[in-house]
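**Q** Structure for this input, please:
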Amino acid sequence: MAARFADGIQLLSAQGKAVHWARRMLQPGVAVVLDTETHALWGRVMEVAVADAATGEVLLENLVNPQIPVTEDAYAVHGISDTMVADAPTWDVVLPELLRVTAGRKILAYNADYDRTVIVGDCLRVEADPQHLRAQDQWGCIMRQRSDWEGVCDFRPLGGVHRALGDACAALEMLTSLVSAPEWVLERTQERVRA
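**A** Model (predicted):
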């Protein structure tokens, strides 16, 4: 029976799955791209930004007062000082807007496990319900899709500016680049056609 439909069945490679995933995520109303900067590695949020995946519109960009001094190592990465966040809202004040702009959307991040962990951790710290931000299936990882798309198993740095909005925009650019096959896949296809 299956042989009758064999011509219509397509099995996608890891690269093909990444391309299809990226195309879905870039559809209007489907996803947002988020990034955070923290006071320390795996620390409290000091900055959060969210952009619409389809349009690039900035939906949220906020410094956040983590109520704890930034570590030297974190400051060396993102350059956000205690002075910069002294008058910024605290996490419990920023959270309702973050929940609003991400509601009903897939939340994409370059390293989604990291951003999800620090966000949920901050919610629990201030005794706030993370709601849909807690659910792992609400998140998508652009870094993992990039690795599949490139045919590698290792971590690839984003190369962003290490500020939340800049990194969210860089992650969106990476997502956009995934909608076509990588050069090496095209080269292999061309070699097969010539053979």
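**Q** So, low pLDDT: which residues of this protein?
**A** 1-12, 181-195 (pLDDT under 70).
**Q** can you give me the strands in it?
**A** For the chain, applying DSSP state E gives strands covering 31-38, 45-52, 58-63, 106-109, 139-141.
**Q** what's the closest of those to Lys17?
**A** Closest to Lys17 of the strands of the chain, according to CB to CB: strand 139-141, at 12.4 Å. The C-beta positions use only the backbone N, C-alpha and C, and glycine is treated the same way.
**Q** Single out the most deeply packed of the strands of the chain.
**A** Neighbour counts (mean count of other CB atoms under 10 Å) averaged over each of the strands of the chain peak at strand 31-38, with a mean of 27.
**Q** Could you list every helix and strand in contact with that one?
**A** In terms of contacts (3 or more CB pairs under 8 Å, 6 or more residues apart in numbering; DSSP states H and E), strand 31-38 is packed against strand 45-52, helix 72-78, helix 91-102, strand 106-109, helix 112-125, helix 164-177.
**Q** Just checking: what are the partner strands of it?
**A** Neighbouring strands of strand 31-38 in its sheet, by DSSP bridges, are strand 45-52 (antiparallel), strand 106-109 (parallel).
**Q** could you dump those to TSV with distance to Cys169?
**A** Below are the strands paired with strand 31-38 laid out as TSV (distance: least, CB to CB, whole Å):
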stretch	distance to Cys169
strand 45-52	6
strand 106-109	12
